[in-house]
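This is a predicted model, with the sequence first.
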Number of protein chains: 2
Amino acid sequence: MPAPAPPTRPALRARYEARRSEVVATAAKLFAERGYDATSMSELTEATGLAAGGLYHYIEGKDDLLIAICDELLEPLLARAREIVATEAPPVEQLRELVAAWVAHVVAHRHHMLVFTQERQAIERQRRWRHVRAQRKAFEQILDEVLARGEADGSMTFADRRLSLLALLGMVNYTPQWVRPGGRLSPAEIAAGYCEIVLSS
Amino acid sequence: MPAPAPPTRPALRARYEARRSEVVATAAKLFAERGYDATSMSELTEATGLAAGGLYHYIEGKDDLLIAICDELLEPLLARAREIVATEAPPVEQLRELVAAWVAHVVAHRHHMLVFTQERQAIERQRRWRHVRAQRKAFEQILDEVLARGEADGSMTFADRRLSLLALLGMVNYTPQWVRPGGRLSPAEIAAGYCEIVLSS
DNA sequence: TCTAATTTCGAAGATTCGTTCGGTTTTTCG
DNA sequence: CGAAAAACCGAACGAATCTTCGAAATTAGA
């Protein structure tokens, strides 16, 4: 997973990874604003303060950045989602927790999320894109299972559960396109609103 | 609006416009599959059967295609939406008609719609992108006004009307990413499902 | 302090891409 | 038919791109 020349000295690993993560975050911002293919490496060198050679010390190539952005977005979200569904809480409560964590994550990592949703074709032409797809599918399955348990115990009602899942995915994935930091609604309020819309059928 | 060399003979205008529209549709398919920046003009010449020079008989440049795709998508949809809200029907009925027409349009023009939603940054760096933005805003305002009228006469209830509008936009805009021609649900069923989700708060 | 590891530099190279333009073929219609 | 318009061709150009590589500068740790 790490780039071409990760340091062998253990003490330097942390600094290296932190710097790499900075580079990835800078790339996420640029890619979200201008698009992946339209962002040149020279724009990235300018934004990071590194020269071309220095940049390639932390990444394998431009492709690598796309996968890194998705990984940094999906891995912690998926971990949190697994924590929540491991709980004994009833399905409705689990769903509220899931959507709250999800929306908060999406808002906090707007740039990563915008790259993830807007650059689908660019991601799909990378070598390691199946890993990203697997993580996305895993998260969607966790959601679906919670909806299914809620439907089974009668605490949720859906005209078509699959459509409700897709609607929820659409809502949340669209959120980073309109949220503004310090906007009228907090992430928690947005999440609560989405839950009410989906659950009150 | 037309490309560099539109025919002066009136009888040929129709054929010219039809061929141009074919080119735009072919471009929409390629852009939707591979992304705008990642699609080369030589791929487009191969897909259209035209050579480079012949292609530029119908378009001003690669940029032009992006705007043309959005225009062909939004113009008829906006016209239909204006027809619907000019009706005397109650807000709930108007909303159902709007969403039905919208979803049907989005499914019928999946490729155009995928380009419109996925290539936002590419569109925004074009000269004529404000026209596209205005059409999108106009459609969203029509939707918002219908929701507002429904809320005013008590036929609809929203915890937060703005959030319900954004949720609806998210659902429908996400639809082309998962619909398959001949899938389990018809566009009409999808639209009805979305309306139920949004209205039953 | 000294050395080996790490970080950074930046010009050069190879490739790809969008567009142009002079000319040719096909079609229209008087 | 025949002349003007329309449609089309495809090689070539200039610009922009990502990545490489050898060397220099900096830093860590003994």
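Yep, it's here. Quantities reported herein were computed from a predicted structural model and do not represent experimental measurements.

if I read this right, A:Asp63 contacts A:Ile123, doesn't it?
No. Contact between A:Asp63 and A:Ile123 fails when scored by CB atoms under 8 Å: they sit 9.5 Å apart. All C-beta spots, glycine's among them, are computed from the backbone N, C-alpha and C.

So these two - more neighbours on which side?
Here A:Asp63 and A:Ile123 are set side by side on neighbour count (other CB atoms under 10 Å in any protein chain shown), and the busier one is A:Ile123, at 22 against 17.

Need the residues that contact the strand or helix carrying that one.
When elements are defined using DSSP states H and E, A:Ile123 is found to belong to helix A:120-124. Residues lying outside helix A:120-124 but in contact with it, judged by CB atoms under 8 Å, 6 or more residues apart in numbering or on different chains, are A:36-37, A:66-67, A:70, A:116, A:129, A:132, B:33-35, B:38, B:118, B:177.

Stretch A:14-30 too?
With CB under 8 Å, 6+ apart as the test, stretch A:14-30 has contacts from A:2-3, A:6-7, A:39, A:43-44, A:47-48, A:50, A:55, A:58-59, A:65, A:68-69, A:72, A:109, A:111-112, A:115.

Could you tell me which of those residues are located in helices?
A:43-44, A:47-48, A:55, A:65, A:68-69, A:72, A:111-112, A:115 (DSSP state H).

Return a PyMOL selection command for the buried portion of the residues you listed.
This is how PyMOL selects the buried members of those, with burial counted by 16 or more other CB atoms under 10 Å in any protein chain shown:
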select buried, chain A and resi 44+48+55+65+68+69+72+111+112+115
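
how about the ones in helices among the contacts of stretch A:14-30, which pair is most distant?
The largest distance within these, taken as CB to CB, falls between A:Glu43 and A:Glu72 and amounts to 20.3 Å.

What residues does chain A have near DNA strand C?
Within chain A, the positions lying close to DNA strand C (CB under 7 Å from any atom of the strand) are A:5, A:7-9, A:12, A:15-16, A:19, A:49-54, A:56-58.

can you do 10 Å?
A:3-20, A:23, A:37, A:41-42, A:45, A:48-58 (CB under 10 Å from any atom of the strand).

ok, now how distant is the residue of chain A found nearest DNA strand C from A:Ile59?
Residue nearest to DNA strand C within chain A (CB to the nearest atom of the strand): A:Gly53, separated by 1.9 Å. Taking CB to CB, to the nearest Å as the measure, A:Gly53 and A:Ile59 are separated by 12 Å.

Neighbour count: the two, which is higher?
Under the neighbour definition other CB under 10 Å, A:Gly53 and A:Ile59 were set side by side, and A:Ile59 has more, 20 against 8.

The more buried one and B:Ala52: what is the separation?
Between A:Ile59 and B:Ala52 the distance, using CB to CB, works out to 35 Å.

same deal with A:Ser155?
When distances are taken as CB to CB, A:Ser155 and B:Ala52 turn out to be 61 Å apart.

Between those two, point out the one with more neighbours.
Residue environment comparison for A:Ser155 versus B:Ala52 gives the larger neighbour count to A:Ser155, 14 against 10, counting by other CB under 10 Å.
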